[in-house]
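Colleague: Quick one: sequence plus predicted model below, questions after.
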Amino acid sequence: MRLVPAKPLALFGGALACVLRTTTLLAQDRTPSTLVPESTPAHQIFDLSIFVVAITGGIFLVVGGLLAVALFRFRARVTDPAGEPAQIYGSTQIELAWTVIPVLIVVILFLTTARIIFAIEDAPKPKTTLDVTAIGHQFWWEFRYPQYGVVTANELHIPVSSATAPEATFLKLTSADVIHSFWVPQLAGKTDLIPNRVNSMWIDPEKPGLYVGQCAQFCGSQHALMLLRVYVDTPEQFSRWITAQQQLARQDPAVAAGRRVFETQACMNCHTIMGTAATGRFGPDLTHLMSRATLASGAINNTPANLREWIRSPETFKPGALMPAMQLNDEQLDEVTAYLETLQ
């Protein structure tokens, strides 16, 4: 058997398709942007970036202006005498200027950046905070709310913070396998999730709504499709969401056949459904699967048709996903899909 190397054009086409697909996915609701900060850490990072751009932009204008003046003023002319022009060797003033000024600029940038880093890292924890543990997996996110006994996946719900009712969300970040990175540009800078280590970050969103991001550290073949969705809720919305998430899975006799398929196949070895025998931890918690807007960590919309196809062949949507095709027949697929649709 002879291995045939892939054609460069085919490789380029595949890479381009992946980039376009990722761009489309990220644009499903909102495009991540550091230019529209909506929390205190994001504002501090944005202000720092504007300061750096202002300084570097000023350097560009000064250097570019001097270069333009020199090119125009000392350009070659037809009337110039033949031979090499007069040479000037050494200038103490110029050498001091191009040494001292860059050093001062670097020191200013260093001190400003250090001040912002320490302001974010050492911020005191308010009395009213929400604690969330985020665990990165190949290739999905697990979110645990220890104060409420709630576990969910891929879509993080947190309360809005206001001047009258300030409430920050503190995230403990770790990984179950390789290095991942939590990054929602409008809320905070990226922070890595490292196996056997706990990092932390905090956010205090100013406006309710949906904020999108993704894993910002290459973590494997499906890194580009490890997307993040953060729902910032009003206090009332967040309270209702928590109450709903604390409920056990519905026991609907009409879909008993689908539950039986789920519990007799390998599904229950990887997934948890509260109130059933399924207690797997390898895959996402499915207790309230249909309360989520997307499947496969934001890769596709959560519709019955997509759910059925995802169970039948995860590779269709997410090549390289660790969830195997379950090899179910059409009747079993319909039954288990109908069962999962009841998990609100």
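Modeller: On my side now, so go ahead.
Colleague: what ranges do the strands span in the stretch 151-300 of the chain?
Modeller: Secondary structure of the stretch 151-300 of the chain, counting by DSSP state E, counting those that start in this stretch: strands at 155-159, 168-175, 180-183, 191-193, 199-203, 209-215, 227-233, 294-295, 300-301.
Colleague: Identify, out of the ones you listed, the most deeply packed stretch.
Modeller: strand 180-183 (a mean of 24; mean count of other CB atoms under 10 Å). Placement of C-beta: from N, CA and C, glycine included.
Colleague: Residues in contact with that strand: which ones?
Modeller: With CB atoms under 8 Å, 6 or more residues apart in numbering as the test, strand 180-183 has contacts from 32, 134, 136, 171, 173, 189-193, 201, 213-217, 219, 226, 228.
Colleague: so when I look at S49, I'm seeing a strand, right?
Modeller: No: looking at S49 with DSSP: H, G, I helix; E, B strand; the rest coil, it is helix, so not inside a strand.
Colleague: Contact partners for it?
Modeller: T34.
Colleague: Ok, H288 next?
Modeller: Contacts of H288 (CB under 8 Å, 6+ apart): T152, A244, Q245, Q247, A249, L343, Q344.
Colleague: can I get these in JSON lines with distance to Q327, neighbour count and pLDDT?
Modeller: Below are the contacts of H288 laid out as JSON lines (distance: CB to CB, whole Å; neighbours: other CB atoms under 10 Å; pLDDT from 0 to 100):
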{"residue": "T152", "distance to Q327": "28", "neighbour count": "22", "pLDDT": "95"}
{"residue": "A244", "distance to Q327": "33", "neighbour count": "12", "pLDDT": "95"}
{"residue": "Q245", "distance to Q327": "32", "neighbour count": "19", "pLDDT": "95"}
{"residue": "Q247", "distance to Q327": "32", "neighbour count": "12", "pLDDT": "93"}
{"residue": "A249", "distance to Q327": "25", "neighbour count": "21", "pLDDT": "86"}
{"residue": "L343", "distance to Q327": "22", "neighbour count": "18", "pLDDT": "93"}
{"residue": "Q344", "distance to Q327": "28", "neighbour count": "12", "pLDDT": "87"}
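Colleague: and which of these is nearest to N306?
Modeller: L343 (15.1 Å; CB to CB).
Colleague: What strand or helix carries that closest one?
Modeller: Under DSSP states H and E, no helix or strand contains L343.
Colleague: isn't it right up against T272?
Modeller: No: under the criterion of CB atoms under 8 Å, L343 makes no contact with T272, lying 11.2 Å away.
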